[in-house]
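A.B. asks: quick one, what's the 3D model for this:
(one chain, ligands or ions: 2)
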Amino acid sequence: MSNLIRNCWYVAGWSTDFSRTPEQRWLLGEPIVLYRRTDGGIVALEDRCAHRMAPLSAGRVEDDAIRCMYHGLKFGSDGRCMEIPGQELIPDRACVRRYPVVEKNSWVWVWMGDPSLADDSRIANSKALDDPSWILKTGHLDYEANYELINDNLLDLTHLTYVHAGSFGADEAWSRNRPKIETLDNGIRSSRWIINSPPIPPLGKAAQHERVDIWTSFDFIMPGTFLLYTAMYAAGTARLCGEGEPGAEHEILFNNFTSQAVVPLSEQTSRYYFSWGPGAAFGTEADAQIMIDVAKSAFLEDKVMIEAQQRIINANPQVRPMPTSADKAITIFQRMMKAQDVARDAPVFERA
Ligand code: FES
Ligand SMILES: [Fe+2]
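C.D. replies: Numbers count the residues shown, from 1 in each chain. Ligands and ions are numbered 1, 2, ... in the order given. Just a heads-up that it's a prediction; the model follows:
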């Protein structure tokens, strides 16, 4: 049985990915077609014609409907068949599944579970790409691995010291100290100071400092959204803050934000969407470009490790992990996901 959880919102792409031209996406092993109606709203339908299973994404959008370009059946944006060329009677079962879909903060989110449970207030508060407070650039990466391995990677940033020694140039402190972990409604928060560290470029005002204190805090929201805020301060600031969250009275030298979403396309394939960039008050377009370029090379380092890990796991799936103290956030998050998973048995397939 699949370990993928149905009752969740999943990112199907950036808002800019979708237009009047149908686009195919896979989520939890299911093909989905997305396109925009004449009013600009998004439609997400099962990408499998009710007639003989041709992909509707190879079809043609007509007003708000989509026509299968194999034998011409036409489906409304509610998933009901409106026309069968050469046939008067349209059977009840001539329909495709319609998925709840929401556009929020530059991502398009599709609800894969019981439609009656789709509550878009549970969607993570990522940052919109046109938020004037940030200069964000984007990318995505496809994985041959189960998405939980990518979640686990993000939930434990001790790996920065080892996997990303070259790209991010992370200090030893990333692997040696432990963050404070808090439980949120639908995820976890992990925060800490990296004290007296060399500043991580790009630097802004931090360029004038040999050592800085770095405040770093992320929320990881179910099923896989990672929202990380990082800010550099003059060395000594962490102590002044009692090693708690820095207040507005302390001068930020440079800060940045990244929204990332890990999405199961199928049991063993995943897509990783990300944006990254500096605060508009502290950095420039050029800084944003440096950051996204570094991030892209760093994420390839993760991909090499995680895909290799998946191959080893697949060879002997009965072998269990041996958690360390760095795995606290992973353990808590996995428990939350399991609780979410009881909804797996809820009715999930409701035709329009
Ligand atoms: S498969 Fe779509 S109309 Fe025949
Ligand atoms: Fe990483």
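
A.B. asks: how near is D47 to ligand 1?
C.D. replies: Separation of D47 from ligand 1 (Cβ to the nearest ligand atom, to the nearest Å): 11 Å. For the C-beta atoms, the positions are set from N, CA and C on the backbone; glycine is no exception.

A.B. asks: and G86, how many neighbours?
C.D. replies: 7 (other Cβ atoms under 10 Å).

A.B. asks: excluding its backbone neighbours, what's nearest W14?
C.D. replies: Computed as Cβ to Cβ, 6 or more residues apart in numbering, the closest residue to W14 that is not its neighbour in sequence is S106, at 5.9 Å.

A.B. asks: surely the one you found meets F18?
C.D. replies: No - with contact defined as Cβ atoms under 8 Å, S106 does not count as touching F18 (11.5 Å).

A.B. asks: common neighbours of those two, please.
C.D. replies: Common neighbours of S106 and F18, using Cβ atoms under 8 Å, 6 or more residues apart in numbering, do not exist here.

A.B. asks: rewinding a little: mind listing what the residue nearest to W14 touches?
C.D. replies: S106 neighbours (Cβ under 8 Å, 6+ apart): W14, S15, T16, S126, A128, L129, D130, S275.

A.B. asks: roughly how far apart are the spatially closest residue to the fourth one that is not a sequence neighbour and I188?
C.D. replies: This points to S126. Spatially, and ignoring its direct neighbours in sequence, S126 is nearest to S259 (3.7 Å; Cβ to Cβ, 6+ apart). Plainly put, S259 is 16 Å away from I188 if you go by Cβ to Cβ, to the nearest Å.

A.B. asks: buried residues, the helix or strand containing the residue nearest to S126. List them.
C.D. replies: Using DSSP states H and E, S259 sits within strand 254-266. For strand 254-266, the neighbour count (16 or more other Cβ atoms under 10 Å) marks F254, N255, N256, F257, T258, S259, Q260, A261, V262, V263, P264, L265 as buried.

A.B. asks: what are the pairing partners of it, and which direction each?
C.D. replies: strand 225-234 (antiparallel), strand 269-278 (antiparallel) (DSSP bridges).

A.B. asks: closest to ligand 1 out of those?
C.D. replies: strand 269-278 (25.3 Å; Cβ to the nearest ligand atom).

A.B. asks: list the buried residues of the closest one.
C.D. replies: Buried-residue list, strand 269-278, by 16+ other Cβ under 10 Å: T269, S270, R271, Y272, Y273, F274, S275, W276, G277, P278.

A.B. asks: same check, this time on stretch 61-73
C.D. replies: Buried residues in stretch 61-73 (16+ other Cβ under 10 Å): V61, A65, I66, R67, C68, L73.

A.B. asks: tell me who's in contact with F254.
C.D. replies: Here F254 is in contact with P199, P202, L203, G204, K205, A206, A231, M232, P278, G279, F282, G283 (criterion: Cβ under 8 Å, 6+ apart).

A.B. asks: and those residues, which two are the farthest apart?
C.D. replies: Across the contacts of F254, the longest distance by Cβ to Cβ is 15.2 Å; it joins P199 and G279.

A.B. asks: which residues of the stretch 201-350 of the chain score low on pLDDT?
C.D. replies: 341-350 (pLDDT under 70).

A.B. asks: again, only using 50
C.D. replies: 345-350 (pLDDT under 50).

A.B. asks: go on, the stretch 1-150 of the chain?
C.D. replies: 1.

A.B. asks: so which residues of it form strands?
C.D. replies: All strands of the stretch 1-150 of the chain, identified by DSSP state E, counting those that start in this stretch, fall at 9-14, 23-27, 30-36, 42-46, 60-62, 65-67, 74-75, 81-83, 101-104, 107-111, 137-143.

A.B. asks: a markdown table for the ones you listed, including distance to L117?
C.D. replies: A markdown table is the format used below for the strands of the stretch 1-150 of the chain (distance: least, Cβ to Cβ, whole Å):
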| stretch | distance to L117 |
| --- | --- |
| strand 9-14 | 11 |
| strand 23-27 | 16 |
| strand 30-36 | 17 |
| strand 42-46 | 16 |
| strand 60-62 | 29 |
| strand 65-67 | 26 |
| strand 74-75 | 24 |
| strand 81-83 | 26 |
| strand 101-104 | 14 |
| strand 107-111 | 8 |
| strand 137-143 | 28 |
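
A.B. asks: what's the neighbour count on L27?
C.D. replies: That count, for L27 with other Cβ under 10 Å as the rule, works out to 23.

A.B. asks: residues contacting the nearest residue to it once chain neighbours are set aside?
C.D. replies: Leaving aside its chain neighbours, L27 sits nearest to Y10 (5.1 Å; criterion: Cβ to Cβ, 6+ apart). If you count contacts by Cβ under 8 Å, 6+ apart, Y10 has them with L27, L28, W109, V110, W111, M112, P223, V263, P264.

A.B. asks: what distance do you get for Y10 to ligand 1?
C.D. replies: 26 Å.

A.B. asks: beta partners for that residue?
C.D. replies: According to DSSP bridges, beta-bridge pairing links Y10 with V110.

A.B. asks: report the central residue of this protein.
C.D. replies: A261 (0.7 Å; Cα atoms, centre = their mean).

A.B. asks: can you tell me which two in the buried residues of strand 269-278 are farthest apart?
C.D. replies: So, the buried residues of strand 269-278 by Cβ to Cβ: farthest apart are T269 and P278, at 32.1 Å.

A.B. asks: just to revisit the earlier point, save the buried residues of strand 269-278 as JSON lines, and put in distance to ligand 1 too.
C.D. replies: Below are the buried residues of strand 269-278 laid out as JSON lines (distance: Cβ to the nearest ligand atom, whole Å):
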{"residue": "T269", "distance to ligand 1": "25"}
{"residue": "S270", "distance to ligand 1": "29"}
{"residue": "R271", "distance to ligand 1": "27"}
{"residue": "Y272", "distance to ligand 1": "33"}
{"residue": "Y273", "distance to ligand 1": "30"}
{"residue": "F274", "distance to ligand 1": "36"}
{"residue": "S275", "distance to ligand 1": "37"}
{"residue": "W276", "distance to ligand 1": "41"}
{"residue": "G277", "distance to ligand 1": "43"}
{"residue": "P278", "distance to ligand 1": "48"}
